[in-house]
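J.: What shape does this take:
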Amino acid sequence: MSDPPVRASDARGILALARTDRNAARRALAELDVDGQVALVCEAPVAARGELLELAPQPERLIPALPEGELAFTAKALGLADAPWVLAHATPEQVVACVDLDAWAGNAHAPDPERLGAWISALAEAGEEPFLRGVQALDAELLVLWLRERAEVWLKSDEGFEPPPGARTLDGQFYFSARGSGDDLAEIEKLLDALFREDYWSYFRLLQGVMWELESDAQEWALRWRTGRLQDLGFPTWEEAMATYGVLSPRARDELPPAPSAGPDVDWRLPIWMPRLPLSASAQHSLFRALAALGEDERRPQLLAVLALANRVAVADQLPLGDAETVPLALDKAVRLASRGLDHLAARHGLDPAGVLRRAGVEHLFRVGHSLERAEAAPANEERPASGEPAGLSEEERIDQPTTPAKPASRRLSGSE
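T.: So this is what the prediction gives:
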């Protein structure tokens, strides 16, 4: 993998220059093209990215070019209350991805109201045009859930209709009021007013949804849309990710596949900046050393497989996808266990690690490493089958059993609830 055009040291140099001469720092940043500026921002620590964006000569070109996940990390590092000026330049696709990554917690079937509200509040402060552009890109069901959490809505049904005390209306037909006594209607009114003037159908659809849609239906459809988009970004479903933790029998973890691994079928795009991996003979983990020994044409598919594995680990372990710390945590675990599996198979078969990597692939190596770690952690006289395994199976037969914390009990999201 070729090095990015700039390094973190370049960002430090520009930030140091900005402390004595901000105009010189702006000129230094302007010497880079947009791709170079993106690399500079993404290679910098998240805490420093806000200042770099402020120095950018054309933030309206730079910010839309950031990978979606990196934009989410940057906005959160700034604090969403201070990030509206960044979101003002974000594309609708970036806004949707930020909400998908950060406004849902773990395996929850519905968005986190506080996190979702924080993103909508930041959009509301970005100006009417970016606010309208952003909320129009969000799923209607997501907006229904957000608005229902905060407001009650009534439709004028006949001439004798009396609106509740304190209720407001924009069209004389729909009335709304804050659900809680301390809630502020300003943000809600800003959204409804913008939709009423610029997109009446969405305004009508939203208020009708708050009144009549079942909450379970809105949750189910919002979850479906989000799941599909996350798969496009390389994040599998929880059930698919858990298969990575399948435990191999002693015989299976000692065997090498008969033919080279086909590698991952990559039909997704990374929402993050391609991490700089330490590929050298002196790298700490054997997986990195094996990758360094591959030819360039072989290395890239294997690197993508490593990142795909890290995504699976992040989802299976229910790590917060919108946090900047998640990528290095998931990547470290994926590489550590895959390296353990690589060392085991290389020693057992007397092969060089690069050859083992070609044959086994990183996901199988991870499963070998995980199985070895689990076997070491289990008591030597343990005969009780793992949770969820049928009683009476021999150790040879106990294969593909997930061993990370069980998924929370889910409920059927349907209109019958």
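J.: Any stretches of the stretch 301-417 of the chain with poor pLDDT?
T.: Scanning the stretch 301-417 of the chain for pLDDT under 70 picks out the ranges 379-417.
J.: where exactly do the strands run in it?
T.: Remark: no strands are assigned in the stretch 301-417 of the chain by DSSP state E, counting those that start in this stretch.
J.: residues touching Leu329, list them.
T.: Contacts for Leu329 (Cβ atoms under 8 Å, 6 or more residues apart in numbering) come out as 314, 319. Glycine gets a C-beta too; all of them are placed from N, C-alpha and C.
J.: Poorly predicted segments of the stretch 1-150 of the chain, please.
T.: 1-9, 106-107.
J.: give me phi/psi at Ala151?
T.: phi -140, psi 160 (degrees, to the nearest 10).
J.: quick one: it and Arg179 touch, right?
T.: Yes. Between Ala151 and Arg179 there is a contact at 5.6 Å, judged by Cβ atoms under 8 Å.
J.: Who has more neighbours out of the two?
T.: Between Ala151 and Arg179, counted using other Cβ atoms under 10 Å, the more crowded position is Ala151 (21 against 13).
J.: so who does that one touch?
T.: 176-179, 183, 185, 188, 210.
J.: Now for the closest residue to it other than its chain neighbours, how many residues are close by?
T.: Nearest non-adjacent residue to Ala151, counting by Cβ to Cβ, 6 or more residues apart in numbering: Phe176, 5.0 Å away. Neighbour count of Phe176, defined by other Cβ under 10 Å: 24.
J.: Check Asp332 too.
T.: Each residue near Asp332 was counted by other Cβ under 10 Å, and the total is 13.
J.: Over to Ile272?
T.: Close neighbours of Ile272, defined as other Cβ under 10 Å, add up to 22.
J.: can you map out the strands along the stretch 151-300 of the chain?
T.: Using DSSP E, counting those that start in this stretch, strands in the stretch 151-300 of the chain cover 151-155, 168-169, 174-178.
J.: who wins for proximity to Ile63 among those?
T.: Closest to Ile63 of the strands of the stretch 151-300 of the chain is strand 151-155 (Cβ to Cβ; 31.2 Å).
J.: Quick check, pLDDT for Ala262.
T.: According to the prediction, Ala262 has pLDDT 65.
J.: same question, Arg276
T.: For Arg276, the pLDDT comes out at 75.
J.: Likewise for Ile188?
T.: For Ile188, pLDDT reads 88.
J.: again, but for the one 4 residues further on
T.: Turning to Leu192, the model gives it a pLDDT of 93.
J.: so what's Arg22 up against?
T.: Taking Cβ under 8 Å, 6+ apart as the test, what Arg22 contacts is Leu55.
J.: meant to ask about Ile14, not that
T.: So Ile14 contacts 25, 28-29, 40, 52, 55 (Cβ under 8 Å, 6+ apart).
J.: try it again with 10 Å
T.: Contacts for Ile14 (Cβ atoms under 10 Å, 6 or more residues apart in numbering) come out as 6, 24-29, 32, 40, 44, 48, 51-52, 55.
J.: thinking again about what came up before, what's the overlap in contacts for Ala151 and Arg179?
T.: Common neighbours of Ala151 and Arg179 (criterion: Cβ under 10 Å, 6+ apart): Ile188.
J.: shouldn't Leu357 be in contact with Glu298?
T.: Yes. Shown here, Leu357 and Glu298 form a contact pair, counting by Cβ atoms under 10 Å, at 8.9 Å.
J.: Flag the shaky bits of the stretch 151-300 of the chain, pLDDT-wise.
T.: If you take pLDDT under 70 as the line, the stretch 151-300 of the chain has these spans: 181-184, 261-268, 281-282.
J.: Could you export the contacts of Ala151 as a markdown table, including distance to Gly134?
T.: Converted to a markdown table, these look like this (distance: Cβ to Cβ, whole Å):
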| residue | distance to Gly134 |
| --- | --- |
| Phe176 | 21 |
| Ser177 | 25 |
| Ala178 | 22 |
| Arg179 | 23 |
| Asp183 | 21 |
| Leu185 | 20 |
| Ile188 | 15 |
| Val210 | 19 |
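J.: What subset of those residues is buried?
T.: 176-178, 185, 188, 210 (16 or more other Cβ atoms under 10 Å).
J.: re the thing from before, so which of the contacts of Ile14 is the closest to Ala259?
T.: For the contacts of Ile14, the nearest to Ala259 is Val6 (40.7 Å; Cβ to Cβ).
J.: re earlier: and the contacts of Ile14 as CSV, adding neighbour count and secondary structure?
T.: Converted to CSV, the contacts of Ile14 look like this (neighbours: other Cβ atoms under 10 Å; DSSP: H, G, I helix; E, B strand; the rest coil):
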residue, neighbour count, secondary structure
Val6, 21, coil
Ala24, 12, helix
Ala25, 21, helix
Arg26, 16, helix
Arg27, 14, helix
Ala28, 17, helix
Leu29, 23, helix
Leu32, 19, coil
Leu40, 25, helix
Ala44, 22, coil
Ala48, 17, helix
Glu51, 17, helix
Leu52, 22, helix
Leu55, 22, helix
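J.: which among those residues gets closest to Ala292?
T.: Nearest member of those to Ala292, counting by Cβ to Cβ, is Val6, at 22.4 Å.
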